[in-house]
Every structure is written in C-alpha cells, then in structure tokens.
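Q: Sequence and predicted model, in that order:
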Amino acid sequence: EVSRIFFITKSFVTGEHSFHKVSIFKTNAKQHRHSRVNFYRQVSPSRKRHSPNTAGICFLKSLDLAHSPLFHSKYNAMKKLSLIIIAAIAAMQTQAQVVPHSSFGDKAYTHKNLTLYVIEGEDLAGTQYLTLEEAMRQGKIKLHETGSVNELSVDNNSDQYVFIMACDIVKGGRQDRTMGEDVVLKPGAKRIPLESFCVEQSRWSGRGSESVTQFSSSDKMLSDKNIKVAARAQKDQGAVWTNVSEFQSKASANVAKDIRSETSATSLQIALEDNELQNMVGESLKVVSPAYENTPDAVGVAVAVNGKISTVEWFASPALFGRMRDKLLESAANEAFSNYDKELGFGVPNKLAFDSFVLKALNAPCTGTSENEAVTEKKFETGKIVMFQSFNTGVSSEVPLHIKIYSTDDIAQNPQGRNQNQHINN
C-alpha cells in the first residue's frame, strides 16, 4: 500500500566529486499521507564525465508504483514525466557527442525583459579560428559580389581557418547581407560560395562613398530571432525583409525616434549603428556582460526574452565563443529591447526550462544535411524548436564546432522557403 517514486532532480560537481540530488515522493494509502524527502548520493568519479546529458537531468527511475486514490493524480503525472525523460535520455545516448561536457551556470542574469545563462564547458575545437570580423579587419579574406542577392563568394588569403557564422552581417557591396549558414574556410581557399540574404531592401548600387564591389566590415549580426529564423531555417528572403522592417519599427518606438537612416532607410546594419539605440541597448549589456567576467571556460549563452526561451548558442571552445560573444550578447540585447513593453509582466525561466528545451532539441530528428567547403551542417526540427549543428569535418565529424537552437514559438512557418525570392535584386 506504500507507493514510492525515486527520481533525480539535479546533478552537480564539487571538486573531484559528483553528486545526484535524489527526491523520494512517498504516499501511504491507508494513512492518507504523502511526503517528499531529498538526499544526496555520490556518483563514482570515473563515471561523472560520461553522462551524455549536459542540462542537469541525468537519470529517472520509478519503483513500487501503486494506484491509491490519493496518489492517483500525482502518480499519473509523474509516470508520464518518467516515460518522457527516460525516452529522451535513451535517445540522447545515441547523440553523446552533442554539447559534450557542458552545463548551464547556476545564476540567471537579467535586465528588464532579457535573461541569459552562461554555458560552461571544455575546449573541444581541435584548432584555432579567425572570425569573419577579424579576418575582414586584418585584410585576410575578400568577399565578392556574384550578381545574385542570395550568393556571395569569398577568398581566404590567410594560412588560418576562418569561421563565418550564420547571421553575421557584412556591410557594403550592392546590398548589406547576412550569412545563411555556418562556413569554415580552409587556409588558402578561393571562390567559396556563401549563401546570403539581403538585409537592405531595394539598393543595388553604391551607397554614398562606399565601394559597390567591396564589403567593409562585419561587426554586427542579425538583431532578432524572427529575422534569424527567416534566413537560417525558412530560407525566405521576403520574410527576412519583413522582419527587418518590423524590428526597425519596434526599436524606433522604444527609442522614441526613427532609427532608420536617411542614407539607407531599409539597412538593418545602419539602423543598428544608431547612437541612441546603442546607448539604450548598452544599459542591458552593462548588466548581463559581467556574467562572463570570471568564466574562462564559457562556451555559450542561453537567452530568454519576455520570459520565453529564444536561443541557445554553443561553441566547441572558450576561445571561439569569446571572439563571438560581444556580437551574440548585443544581438540578444537588441532583440529584448525591441520587444520590451513595460506594461507586460513576465517571469524568468529557470534552468529546468532550458534543460527541457535542450533535451527536446537533442532528440529532434535530422531533417536536412548540407556541405560547404570544410563544414557539414545538420538541421534538426521538432515541434517549436529548430537546431543546427555545424561540423568542421577536417577536424572532427563527431564534435560540432557550433550548435544553434531556436525556439520557433509564435513564428509563422513558410513551407515555400526562399525559392520564390532568390532572384530578387531590388
């Protein structure tokens, strides 16, 4: 007549020791009593690094379950949860290479409607990379127009790998563009095609004194999850333009001035350079950036806006993430700022919410694979989540170089994709 459920609610490491926090829910049908007890169990040090789970829930098991009337509703709910998590963990064991040896930090950093958690982990990159921003600033790569909105080409004139991140913006040329996929350039690679999307509708000539054949910099990235999903997942140029315009309108309303530039009203890049917008976004960055001051092993960031999970970004090394961090944080702050409404109430997602989000992504089926230069990119989709894993196959086909997970909740799907827009030049 006594029913017990044993389940692990948290795992953590202290020094050389790993522990599970185990909770027992116990009910006695005859005495109409139920209780919950927590205790901690040490895990063998030799096993602590081999859990495929990186988000905190390592194991769940049900014992001596009975159907007393008092326990019936709680039993059914927890049994369902047991089956879900057991299935998730079993599936994860076939993907143990995904986000290996990484975990969320304990503290949420919040400013107004922006929340982030630090992701910490090991250096698994296997080599060093220049970023697109660094390589352009140092003159080590050259981007070329191809005559198409949705394709550029690039030469790597250095003896180093160059990492080009999807959603990076390049300024100049016939139109400002964003990258549609992750690309790794091998040393000396020439005329590598780059999938791109225009983030400056209508212009197809030089802007002011800028060269029509040259791209000058890449110090910004897409500023809102909706734009990112339109380019990255939906491959829809029209949706990119629509979401750029919506971001400009919402950000302008919160700045209390039009951030669109007279030089090019449709340019996302130039709108992001607006001084007043940068000052207001900077207020959030001052609050959340200290999250990374004493975290030398930081490899990513998890972001929520208005109390809802937006994006998780993970990199294979602290060095690479460190080079991308400022862009990623500024992008998150821009998204939060443009969606801020002081009349709205919202909570702060806890780690378990991000745990569940990551677990769903890791168990999603693979819906597509593409290759470009040194990168194999895999796409996974389930429900309201889409995940991209990028592998530098010249270094490792097992450990991703970059993982990006988006929540697509509240985003309209466009099954037609980019095909209807890929030849639009203005």
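A: Sure, I can see it. Predicted model, so just to flag it, every value in this text is computed and none were measured. Numbering: from 1, shown residues only.
Q: Point to the helix or strand of this structure where mean pLDDT is at its lowest.
A: Sorting the helices and strands of the chain by mean pLDDT, DSSP states H and E puts strand 60-63 at the bottom, at a mean of 33.
Q: Let's test this: mean pLDDT of stretch 380-400, rounded?
A: Here stretch 380-400 scores 94 as its mean pLDDT.
Q: Mind jotting down where the helices sit in the stretch 101-250 of the chain?
A: 132-137, 225-232, 237-255 (DSSP state H, counting those that start in this stretch).
Q: Out of the ones you listed, which gets nearest to Y109?
A: The closest of these to Y109 is helix 225-232. By C-beta to C-beta, the value is 18.4 Å. Any C-beta I mention is one placed from the backbone N, CA and C, and that applies to glycine too.
Q: doesn't K384 make contact with D409?
A: Yes: using C-beta atoms under 8 Å, D409 is in contact with K384, at 4.3 Å.
Q: for F163, what are its contacts?
A: For F163, the contact set (C-beta atoms under 8 Å, 6 or more residues apart in numbering) comprises 129-132, 182-184, 320, 401-402.
Q: where along the stretch 101-250 of the chain do the strands fall?
A: Secondary structure of the stretch 101-250 of the chain (DSSP state E, counting those that start in this stretch): strands located at 102-104, 109-111, 114-121, 129-131, 141-148, 151-156, 161-164, 168-172, 177-179, 183-185, 192-198, 215-221.
Q: tell me what the fourth one is packed against?
A: Spelled out, it's strand 129-131. strand 161-164, helix 318-338 (3 or more C-beta pairs under 8 Å, 6 or more residues apart in numbering; DSSP states H and E).
Q: could the helices of the stretch 101-250 of the chain go into TSV alongside mean neighbour count?
A: Output for those, formatted as TSV (neighbours: other C-beta atoms under 10 Å):
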stretch	mean neighbour count
helix 132-137	22
helix 225-232	26
helix 237-255	20
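Q: pLDDT weak spots in the stretch 201-350 of the chain?
A: For the stretch 201-350 of the chain, no stretch has pLDDT under 70.
Q: follow-up on the earlier one: and the contacts of F163, which is closest to V240?
A: Out of the contacts of F163, the member with the shortest distance to V240 (by C-beta to C-beta) is D182, at 17.4 Å.
Q: Can you tell me the closest non-neighbouring residue to that closest one?
A: S390 (3.9 Å; C-beta to C-beta, 6 or more residues apart in numbering).
Q: I figured that neighbour hits L401, correct?
A: Yes: S390 lies in contact with L401 (C-beta under 8 Å); the separation is 5.3 Å.
Q: out of these two, which sits in the more crowded spot?
A: Comparing S390 with L401 by other C-beta atoms under 10 Å, the one with more neighbours is L401, at 30 against 26.
Q: you'd agree that one is up against F391?
A: Yes: using C-beta under 8 Å, L401 is in contact with F391, at 6.2 Å.
Q: who touches both of the two?
A: V375.
Q: With neighbour numbers in mind, choose between D409 and K384.
A: Shown here are D409 and K384; by other C-beta under 10 Å, K384 has more neighbours (15 against 12).
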